[in-house]
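the sequence and its predicted three-dimensional model are supplied below.
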Amino acid sequence: MSKRRKPFSMGLTSLFAVLIVLCLVVFAVLSQLTAKSELALAQRAADTVMEAYNAEYRAVVYGETAPPPTTDDSPGYDMPEPGQRPWEVD
């Protein structure tokens with residue numbers, strides 16, 4: 001008596017191999033998407049830092065620096081008179 005073979009039989013090992021390959025493909029796609037979004041985030045952060053450095057540079061070059069912050073209620077520097085520029089205060 002001979003055993004009857006199924007026209008399409010797939011072994012357990014082959015099934016696991018297919019599932020592993022499928023998982024690897026999914027992880028590869030997720031890695032690509034994550035890398036792309038991290039790159040966009042890094043570029044936005046770099047642009048923000050560059051804008052801050054440029055603003056600081058313009059403030060220093062044109063003399064428009066803000067006074068240092070203080071912890072008490074007094075401003076810590078002489079307040080300019082109305083119409084007087086902050087850097088003209090004695």
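Sure thing, it's come through.

show me where pLDDT drops low in the chain?
The chain contains residues with pLDDT under 70 at 1-3, 5-10, 63-90.

how about a cut-off of 90?
Counting by pLDDT under 90, the chain contains low-confidence ranges at 1-15, 50-90.

buried set for stretch 45-56?
Within stretch 45-56, no residue is scored as buried using 16 or more other C-beta atoms under 10 Å. Yep, even glycine has a C-beta here, placed from its N, CA and C like the rest.

okay, it in CSV with CA atoms only?
Taking C-alpha atoms only, stretch 45-56 is exported to CSV below (Å, rounded to 0.1, in the frame of the first residue of the first chain):
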residue,chain,number,x,y,z
ALA,A,45,17.0,70.6,14.7
ALA,A,46,20.1,71.7,12.7
ASP,A,47,18.1,74.5,11.0
THR,A,48,16.7,75.6,14.4
VAL,A,49,20.2,75.7,15.9
MET,A,50,21.6,77.6,12.8
GLU,A,51,18.8,80.2,13.1
ALA,A,52,19.6,80.7,16.8
TYR,A,53,23.3,81.1,16.1
ASN,A,54,22.6,83.5,13.3
ALA,A,55,20.2,85.5,15.5
GLU,A,56,22.9,85.7,18.2
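
ranges for the helices of the protein?
Taking DSSP state H, the helices of the chain run over residues 12-61.

give the contact list for Ala17.
Listed by C-beta atoms under 8 Å, 6 or more residues apart in numbering, the contact set of Ala17 is empty.

from Glu56, how far off is it?
Distance of Ala17 to Glu56, computed by C-beta to C-beta, to the nearest Å: 58 Å.

repeat for Asp47
As judged by C-beta to C-beta, Asp47 and Glu56 stand 15 Å apart.

same question, Ala35
Going from Ala35 to Glu56 by C-beta to C-beta gives 31 Å.

now swap in Phe27 and tell me
As judged by C-beta to C-beta, Phe27 and Glu56 stand 43 Å apart.

do Leu33 as well
In this view, Leu33 and Glu56 are 35 Å apart by C-beta to C-beta.

likewise Leu15?
Per C-beta to C-beta, Leu15 is found 61 Å from Glu56.

same question for Thr48.
Remark: distance between Thr48 and Glu56 (C-beta to C-beta) = 13 Å.
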